[in-house]
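Asks: Sequence and predicted structure below; questions after.
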Amino acid sequence: MKNKKPAFNRILDDLARRQLLLDFQFGSAGYNFEAIRNIGAGAFGIVCEAYDKITGDKVAIKKIGHASATPTLSRRTLRELRVLRYIKHDNIIRLRDIFRTSGSLGINVFMVMDLMEGSLYHVIHGTYEFLEYDLITFFMYQLLRGLKYLHTAGIAHRDLKPSNLLVNSDCHLRIADFGMAKLAIKHEIENIEEHCFYMTQHIATLPYRAPELLFVTPEHSTAVDMWAVGCIFAEMILKRELFPGRSVSSQIKIIVTQLGTPPDKIMDDIRCERTKNFIQDLGFQPGWGWPNIMAHDERETNEMAINLISQLMDMDADKRVDVNQAIYHSFFKSYWNNEINEGACPFKVKMDMAAVENLPHEKLIALIIKDTRATEDEHLNSGSTSSGTSSLSPASIPSYTGGSLGFESEVSISGTQTENSETNSQSSGSRPDSRENRPPLCTEEIPLEI
Ligand SMILES: Nc1ncnc2c1ncn2[C@@H]1O[C@H](COP(=O)(O)OP(=O)(O)OP(=O)(O)O)[C@@H](O)[C@H]1O
């Protein structure tokens, strides 16, 4: 029996390899990229580690299969393309290239990104030990920096959760997965019935959903992100999901039980009668108080952390701290000397985000086609590089001195690219021209019609 195990493993490896080749057929972009292994899957995309034959780097390639098949998928794809194409920030995943292939069910979009070694989910739940407060502070600081850049431009991510925060062994964090990103505007719920329907739906990111989304009250999108930041912060401290609901009703019940019955202002704003009745049926809930919610038998209490969480997770979105207030909270005192001095997010992203929401399906497909390069003609596209491919300015964030995370994955650290490593390798002359050979990110600029 013992001898059979290696053979069985070989069969599994072989099957995985075949599946990988089936999932990641790059068309003629296969001249540039070679899929190595599958590294992640979400509701909308699958991601592989790949070898970039032009630069010699290892990269991550996210495939959004059948991106043109439904309006929802097309809109998600275009949102992600449009945000990532134009923004550059040290704490936001960097898009290197975009190409497409055509499949029987529509267009497959491939987004080539810097390869990261793992996600915050792995860091939090991959070991038994608690995370040091210094490390938690560093991750939080980077997350808030990335968000500050987005929120200043009026963009809300709307799907923040540990698995969408990618990290490297050197503790560098980057925000990823912009399929839900939207221009932040305070808006009333338009279709109450549709939102009430979610009472019975399982939503993947439920534990990070803000009360205004659950309760069906007017949404202020950037505040939604701040709530999620609070959930992630608490999860790093407790090593478990803070509010682990598995249905909308259980999520509401957990929040109301622990934080208390919502104030009249929130109850009056609830548009969905079913939700309102559900909360009223829970009876008066005094709430546990944040020190009790955050209490853990084996972990010391950090007053400052509890104070910050309580401000991030105010049930009333109007009272919740915004990213600028959060980043200057005393919890981040050790970073106050670091000047946050980054370029502004291009206005174009803001315009695009507004436009994408109102486009009909055919227009979304047309723009996806224009935004991605066809694999067939990629070798003709030499010459100037678009803004999205240009190297970022060297990282200005402080590096973490408390040690390495030591991921156990097969991802080779030397193969991953951070701005720092890239700058270093180029200055040491190891592959000085590799980027210049890269085809342009997109073939043309397409102003969206608003
Ligand atoms: N650049 C990257 N480097 C390393 N791993 C990555 C990278 N991008 C994504 N991943 C991994 O792939 C997983 C799925 O990617 P992503 O979240 O973008 O897909 P999705 O379908 O949009 O997910 P979701 O279900 O959260 O909406 C991530 O959780 C992450 O673990």
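Replies: Cool, got the structure.

Asks: confidence score at Asn381?
Replies: In the prediction, the pLDDT value recorded for Asn381 is 37.

Asks: Residue ranges of each domain in the chain, please.
Replies: The chain is divided into the following domains under automatic domain parsing: 13-116+346-389, 118-335.

Asks: starting at the chain centroid, how far to the longest one?
Replies: Centroid displacement of domain 118-335 relative to its chain, using CA atoms, centre = their mean, to the nearest Å, is 14 Å.

Asks: where does Lys319 land in three-state SS?
Replies: Secondary structure assignment for Lys319 (DSSP: H, G, I helix; E, B strand; the rest coil): coil.

Asks: what about it, neighbour count?
Replies: A count of neighbours around Lys319, defined by other CB atoms under 10 Å, yields 11. The C-beta positions use only the backbone N, C-alpha and C, and glycine is treated the same way.

Asks: got it, and Asp14?
Replies: Other residues near Asp14 number 10, with proximity taken as other CB under 10 Å.

Asks: repeat for Ala181
Replies: For Ala181, the number of neighbouring residues by other CB under 10 Å comes to 26.

Asks: doesn't His157 make contact with it?
Replies: Yes - with contact defined as CB atoms under 8 Å, Ala181 and His157 form a contacting pair (5.5 Å).

Asks: Give the residues shared as contacts by those two.
Replies: Residues within reach of Ala181 and of His157 at once, by CB atoms under 8 Å, 6 or more residues apart in numbering, are Leu150.

Asks: ok so, going back, would a markdown table of the domains of the chain with distance to the ligand be doable?
Replies: Converted to a markdown table, these look like this (distance: least, CB to the nearest ligand atom, whole Å):
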| stretch | distance to the ligand |
| --- | --- |
| domain 13-116+346-389 | 2 |
| domain 118-335 | 4 |
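
Asks: Lowest average pLDDT across those domains?
Replies: Confidence, taken as mean pLDDT, is least for domain 13-116+346-389 of the domains of the chain (a mean of 84).

Asks: buried residues in stretch 132-145?
Replies: For stretch 132-145, the buried set under the neighbour-count rule, 16 or more other CB atoms under 10 Å, comprises Tyr133, Leu135, Ile136, Thr137, Phe138, Phe139, Met140, Tyr141, Gln142, Leu143, Leu144, Arg145.

Asks: Can you pull out the residues in contact with it?
Replies: With contact meaning CB under 8 Å, 6+ apart, stretch 132-145 is reached by 89-91, 120, 123, 160, 165, 167, 171-173, 175, 229, 232-233, 236-237, 302, 305, 323, 326-327, 331-332, 334-335, 340, 342, 397, 400, 402.

Asks: Among those residues, which ones are in helices?
Replies: Counting by DSSP state H, the contacts of stretch 132-145 place Leu120, Val123, Val229, Ile232, Phe233, Met236, Ile237, Ala305, Val323, Ala326, Ile327 in helices.

Asks: Out of the residues you listed, give me the two with the largest separation.
Replies: Using CB to CB, the two most remote members of these are Val123 and Val323, lying 21.8 Å apart.

Asks: So for Pro6, which of the domains of the chain sits nearest?
Replies: Go through the domains of the chain one by one with CB to CB and the one that ends up closest to Pro6 is domain 13-116+346-389, at 10.1 Å.

Asks: Quick one: distance of the closest one to the chain centre.
Replies: In terms of CA atoms, centre = their mean, the centre of domain 13-116+346-389 is set 15 Å apart from its chain centre.

Asks: Now do the same contact list for the most centrally placed residue in the chain.
Replies: With distances taken as CA atoms, centre = their mean, the chain has Ala176 as the residue nearest its mean C-alpha position (3.1 Å). Applying CB under 8 Å, 6+ apart to Ala176 gives the contacts Ile92, Ile93, Met113, Met116, Asn164, Leu165, Leu166.

Asks: Only alpha carbons, please: show stretch 126-142 as PDB.
Replies: The C-alpha coordinates for stretch 126-142 follow below in PDB (Å, rounded to 0.1, in the frame of the first residue of the first chain):
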ATOM      1  CA  GLY A 126      -2.300  29.600   8.800                       C
ATOM      2  CA  THR A 127      -0.700  29.300  12.300                       C
ATOM      3  CA  TYR A 128      -1.800  28.700  15.900                       C
ATOM      4  CA  GLU A 129       0.100  31.700  17.300                       C
ATOM      5  CA  PHE A 130      -1.400  35.100  17.700                       C
ATOM      6  CA  LEU A 131      -0.100  37.900  15.500                       C
ATOM      7  CA  GLU A 132       2.100  40.400  17.300                       C
ATOM      8  CA  TYR A 133       0.500  43.800  17.600                       C
ATOM      9  CA  ASP A 134       3.400  45.400  15.800                       C
ATOM     10  CA  LEU A 135       2.700  43.200  12.700                       C
ATOM     11  CA  ILE A 136      -1.100  43.900  13.000                       C
ATOM     12  CA  THR A 137      -0.300  47.600  13.100                       C
ATOM     13  CA  PHE A 138       1.900  47.300  10.000                       C
ATOM     14  CA  PHE A 139      -0.700  45.400   8.000                       C
ATOM     15  CA  MET A 140      -3.500  47.900   9.100                       C
ATOM     16  CA  TYR A 141      -1.300  50.800   8.200                       C
ATOM     17  CA  GLN A 142      -0.700  49.500   4.700                       C
END
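
Asks: What are the buried residues along stretch 251-271?
Replies: Applying a neighbour-count criterion of 16+ other CB under 10 Å, the buried positions in stretch 251-271 are 251-256, 258-259, 261-262, 266, 269-271.

Asks: My error: substitute stretch 117-129 in the last question.
Replies: By 16+ other CB under 10 Å, the buried positions in stretch 117-129 come out as Glu117, Gly118, Ser119, Leu120, Tyr121, His122, Val123, Ile124.

Asks: quick one: the strands in the protein?
Replies: In chain order, the chain shows strands spanning 33-41, 46-52, 58-64, 95-103, 106-114, 118-119, 155-156, 165-167, 173-175, 182-183, 186-187, 219-220, 373-374, with DSSP state E as the criterion.

Asks: For Asp281, find the nearest of the ones you listed.
Replies: If you check each of these against Asp281 by CB to CB, strand 219-220 wins as the nearest, at 24.1 Å.

Asks: Buried residues, stretch 287-298. List them.
Replies: Of the residues in stretch 287-298, those buried under the neighbour-count criterion (16+ other CB under 10 Å) are Trp290, Ile293, Met294.
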